[in-house]
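J.: curious how this folds, go ahead:
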Amino acid sequence: MAVLINEKIDALLEATSRSFYPTLKYLPKKIRGQIGLLYLLARVADTIADSKHGETDVLLKHLRDYNDVAQGKISTLPDLTQLAEIQTNNNEAELLRNVEDVVAGLDVYSKGDQALILECLEIIVSGQILDLERFGTANEDGNISALNSDEEMDDYAFRVAGSVGVFWSKMSLEHLMSLPAEKEREFFEKGIRFGKSLQMINILRDIPEDLRFGRCYIPEQALNRYNLKPEDLMDDKNLDAFRPLYDEYLDLTNEHLNAAVEYISMLPEKQIRLKASCMLPVLIGQRTVTLLRTGNILNSEERIKVTRDEIKSYARKLPLALLIPGGVRRLLQKNKDV
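T.: Model (predicted):
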């Protein structure tokens with residue numbers, strides 16, 4: 001893949017975004033770098049927010065100061081040296097050590113593109129700040145806090161992922177395509193649901209790990225309807241009691257994925273690379289939902305994910321599906337969770 005920003009930033013991007021990198025490679029060059037840079041900027045914030053050590057107030061200050069520098073409100077980045085040293089993921093540690101270069105990557109792009117990147121970053125960081133204020137530092141002290149309502153879950157999904165759907169759509173309209181004014185609102189709405197679908201999959205797949213660090217993204221009000229508490233999800237013997245509620249959230253995720261399929265159908269036929277970059281995460285998302293339907297999603301030893309061979313298979317099927325009339329629709333329909 002051609003250099004996006006510079007070799008150093010590109011190396012950080014490839015190292016920290018193994019699941020996103022295949023999608024990035026499909027993107028048209030006109031927007032590939034901007035979307036890659038937003039990923040890195042958001043990943044810095046995510047790494048700060050998810051640090052397993054440190055006082056909550058300190059992490060919140062680091063997060064706010066980092067965002068303020070990116071937004072151009074202040075000039076001095078927080079010292080993330082100690083935070084980098086305690087990261088268990090070496091790639092994330094390296095990312096924190098090079099945060100100045102990541103922020104400087106904004107200068108490569110036009111003022112308009114910078115504004116779109118920073119608008120989205122602001123929303124993502126607001127979600128991570130809410131996360132820290134709600135749950136505190138991710139640690140294994142045995143205390144579990146939960147979201148309160150489905151509305152809180154939906155708001156969180158919008159902030160950290162639905163907002164990316166808006167950004168992706170704005171970049172596409174700015175550089176690659178146009179739509180009638182009356183269609184743009186629908187395009188943005190489906191883009192938001194596209195992003196939400198991927199975040200819902202993260203939430204529903206990562207329940208054991210999140211619980212381990214004291215975070216329950218399954219709302220307490222919903223659990224109460226089934227006479228369950230967040231702590232009950234720590235024991236996979238409660239799977240049968242939890243499964244009906246869990247399936248409700250899988251159904252919601254499928255509805256979001258269906259909107260993502262409709263989003264892809266709104267992209268111009270000639271935008272083959274853009275369609276491919278959208279199709280791959282939808283295909284992987286559909287397959288993940290199918291696996292979550294039958295897996296023991298409360299067993300911390302059984303992390304459910306799509307295999308690399310399956311992802312390679314999707315990558316092989318994509319070019320043909322994009323070239324044959326109706327191929328995109330058929331591939332997505334055939335792969336759909338039923």
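
J.: who's in contact with residue 225?
T.: residue 245 (Cβ atoms under 8 Å, 6 or more residues apart in numbering). The way it works is simple: take the backbone N, C-alpha and C, and place the C-beta from them, glycine included.

J.: tell me, what's the model's pLDDT at it?
T.: Looking at residue 225, its pLDDT stands at 97.

J.: so where's the chain uncertain?
T.: Scanning the chain for pLDDT under 70 picks out 1-5, 140-141, 337-338.

J.: where does residue 8 fall, secondary structure wise?
T.: Using DSSP states H and E, residue 8 maps to helix 7-16.

J.: go through that helix and flag the buried ones.
T.: Using 16 or more other Cβ atoms under 10 Å as the test for burial, helix 7-16 gives 9, 10, 12, 13, 14, 16.

J.: other SSEs contacting it?
T.: With contacts defined as 3 or more Cβ pairs under 8 Å, 6 or more residues apart in numbering; DSSP states H and E, the packing partners of helix 7-16 are helix 21-26, helix 29-49, helix 90-97, helix 99-104.

J.: what packs against whichever helix or strand comes after the last one?
T.: Going back to what we said before, that points to helix 99-104. Remark: after helix 99-104, the chain's next helix or strand is helix 111-135, criterion DSSP H and E. Using 3+ Cβ pairs under 8 Å, 6+ apart, the elements in contact with helix 111-135 are helix 29-49, helix 56-70, helix 150-157, helix 163-175.

J.: ok, 6 Å please
T.: With contacts taken as 3 or more Cβ pairs under 6 Å, 6 or more residues apart in numbering; DSSP states H and E, helix 111-135 sits against helix 29-49, helix 56-70, helix 163-175.

J.: angle of the first one against helix 111-135?
T.: Between helix 29-49 and helix 111-135, the angle formed by their directions is 20 degrees, by axes from the mean of the first three to the mean of the last three Cα atoms, to 10 degrees.

J.: who does helix 29-49 touch, helix- and strand-wise?
T.: helix 7-16, helix 56-70, helix 111-135, helix 163-175.

J.: which residues does the helix holding residue 8 contact?
T.: 3, 4, 21, 36, 40, 43, 91, 95, 101, 105 (Cβ atoms under 6 Å, 6 or more residues apart in numbering).

J.: can I get these in JSON lines with distance to residue 300 and neighbour count?
T.: Shown next, in JSON lines, are these (distance: Cβ to Cβ, whole Å; neighbours: other Cβ atoms under 10 Å):
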{"residue": "3", "distance to residue 300": "40", "neighbour count": "9"}
{"residue": "4", "distance to residue 300": "36", "neighbour count": "22"}
{"residue": "21", "distance to residue 300": "27", "neighbour count": "15"}
{"residue": "36", "distance to residue 300": "32", "neighbour count": "24"}
{"residue": "40", "distance to residue 300": "29", "neighbour count": "23"}
{"residue": "43", "distance to residue 300": "24", "neighbour count": "21"}
{"residue": "91", "distance to residue 300": "23", "neighbour count": "16"}
{"residue": "95", "distance to residue 300": "26", "neighbour count": "24"}
{"residue": "101", "distance to residue 300": "36", "neighbour count": "15"}
{"residue": "105", "distance to residue 300": "37", "neighbour count": "24"}
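
J.: any chance of JSON lines for these, columns distance to residue 185?
T.: What follows is the contacts of helix 7-16, written out as JSON lines (distance: Cβ to Cβ, whole Å):
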{"residue": "3", "distance to residue 185": "36"}
{"residue": "4", "distance to residue 185": "31"}
{"residue": "21", "distance to residue 185": "31"}
{"residue": "36", "distance to residue 185": "27"}
{"residue": "40", "distance to residue 185": "30"}
{"residue": "43", "distance to residue 185": "30"}
{"residue": "91", "distance to residue 185": "38"}
{"residue": "95", "distance to residue 185": "36"}
{"residue": "101", "distance to residue 185": "37"}
{"residue": "105", "distance to residue 185": "31"}
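
J.: show me which of those is closest to residue 183.
T.: Checking the contacts of helix 7-16 against residue 183 with Cβ to Cβ, the nearest one is residue 36 at 27.3 Å.

J.: in space, what's closest to residue 85 - neighbours in sequence excluded?
T.: residue 93 (7.1 Å; Cβ to Cβ, 6 or more residues apart in numbering).

J.: quick one: the one you found and residue 87 touch, right?
T.: Yes: counting by Cβ atoms under 6 Å, residue 93 does reach residue 87; the two are 3.9 Å apart.

J.: the two - which one has more neighbours?
T.: Set residue 93 next to residue 87 and count neighbours by other Cβ atoms under 10 Å: residue 87 wins out with 20 against 17.

J.: does that one count as helix, strand or coil?
T.: coil (DSSP: H, G, I helix; E, B strand; the rest coil).

J.: which residues touch it?
T.: Counting by Cβ under 6 Å, 6+ apart, residue 87 makes contact with residue 93.

J.: ranges for the helices of the stretch 151-300 of the chain?
T.: 163-175, 181-205, 207-212, 220-225, 239-265, 272-294 (DSSP state H, counting those that start in this stretch).
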